[in-house]
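>>> Here is a sequence with its predicted model. Questions after.
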Amino acid sequence: QVQLVESGGGLVQPGGSLRLSCAASGSIFRINGMGWYRQAPGKQRELVATITREGSTNSTDSVKGRFTISRDYAKNTVYLQMNSLKPEDTAVYYCNAEVARRSWSGYLNYWGQGTQVTVSS
């Protein structure tokens with residue numbers, strides 16, 4: 001089995017910063033892409049940022065210049081540094097990873113349980 005465990009969420013004032021972490025563990029042969037998604041109340045889950053195995057990154061326009069995604073390959077961990085936070089960033093943030101459990105198996109998508117980020121004064 002594969003587990004993704006997020007941490008780092010919380011309550012922060014507008015303009016503040018948070019750093020989310022997501023560690024993958026379990027039966028892992030290789031991780032391909034990793035990413036962060038978020039879901040605000042009453043809205044659909046949306047992509048925030050992704051990072052490929054080669055290190056290429058992509059992010060949604062609303063967070064460009066404020067959020068930075070990175071990963072530690074040795075620790076199977078992905079991070080999301082969030083700066084200049086706005087109330088509209090309030091959401092549950094989910095980690096995602098494409099994981100191959102065996103050398104001969106394909107990649108499957110795994111999700112973390114989510115971590116709440118609340119931006120409010």
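Okay, I see it.
>>> residues touching the most centrally placed residue in the chain, list them.
Geometric centre of the chain, nearest residue: Trp36, 2.7 Å, by CA atoms, centre = their mean. Counting by CB atoms under 8 Å, 6 or more residues apart in numbering, Trp36 touches 20, 22, 47-50, 69, 78, 80, 93-96. All C-beta atoms are positioned from the backbone trio N, CA, C, and that covers glycine.
>>> In the strand or helix carrying it, which of the residues would be classed as buried?
Per DSSP states H and E, Trp36 falls inside strand 30-39. By 16 or more other CB atoms under 10 Å, the buried positions in strand 30-39 come out as Ile31, Gly33, Met34, Gly35, Trp36, Tyr37, Arg38.
>>> Any chance of CSV for those, columns distance to Ser56 and pLDDT?
Formatted as CSV, the buried residues of strand 30-39 follow (distance: CB to CB, whole Å; pLDDT from 0 to 100):
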residue, distance to Ser56, pLDDT
Ile31, 15, 96
Gly33, 9, 96
Met34, 12, 97
Gly35, 12, 97
Trp36, 15, 98
Tyr37, 18, 98
Arg38, 21, 98
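>>> Among those residues, which one sits closest to Ala100?
Proximity of these to Ala100 (CB to CB) peaks at Ile31, which lies at 7.8 Å.
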